[in-house]
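Prediction below, plus the sequence it came from.
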Amino acid sequence: MNYYQRLKDMREDRDLSQQEVAELLGIQQTHYSRYELGKQKMGIDKYIALSKFYNVSLDYLAGIVDTPKTLDGTPYRITKKITS
């Protein structure tokens, strides 16, 4: 899975708008939209913020592994089907 698809899936799993996530990161919605479209790479500081916010490991959020874990290593509970 592309890392940018994972960003969208995590956001949608929480029923959040791009605007809400952009505000969390302190950026414009259009800027965040480019992350989800894969048109711009996101800095590590933004990944860390989203990892803490979603309580999911960085390797999952970045698309390195396909099995989500929380920050304490327990399995992550997905509330909606995440596309792959």
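Nice, thanks for sending it over.

any weak-confidence spans in this structure?
For the chain, applying pLDDT under 70 flags the ranges 1, 75-84.

and the most far-flung residue of it relative to its centre, how far is that from Ser51?
The centre of the chain is farthest from one residue, Thr74, which by C-alpha atoms, centre = their mean lies 17.7 Å away. Counting by C-beta to C-beta, to the nearest Å, the gap from Thr74 to Ser51 is 15 Å. C-beta: built from backbone N, CA, C; applies to glycine.

What backbone torsions are found at Lys69?
Dihedral pair for Lys69: phi -130, psi 150, per degrees, to the nearest 10.

residues near it, how many?
15 (other C-beta atoms under 10 Å).

Surely it is in contact with Asn55?
No. Lys69 is not in contact with Asn55 according to C-beta atoms under 8 Å; the separation is 9.7 Å.

picking up where we left off before, would you mind listing the residues in contact with the residue farthest from the centre of the chain?
Shown in contact with Thr74 (C-beta atoms under 8 Å, 6 or more residues apart in numbering): no residues.

next one: stretch 3-23 to chain centre, how far?
The chain centre lies 6 Å from the centre of stretch 3-23; the measure is C-alpha atoms, centre = their mean, to the nearest Å.

Could you tell me which residues within that stretch count as buried?
Under the neighbour-count criterion of 16 or more other C-beta atoms under 10 Å, stretch 3-23 has 3-11, 13, 16, 18, 21-22 buried.
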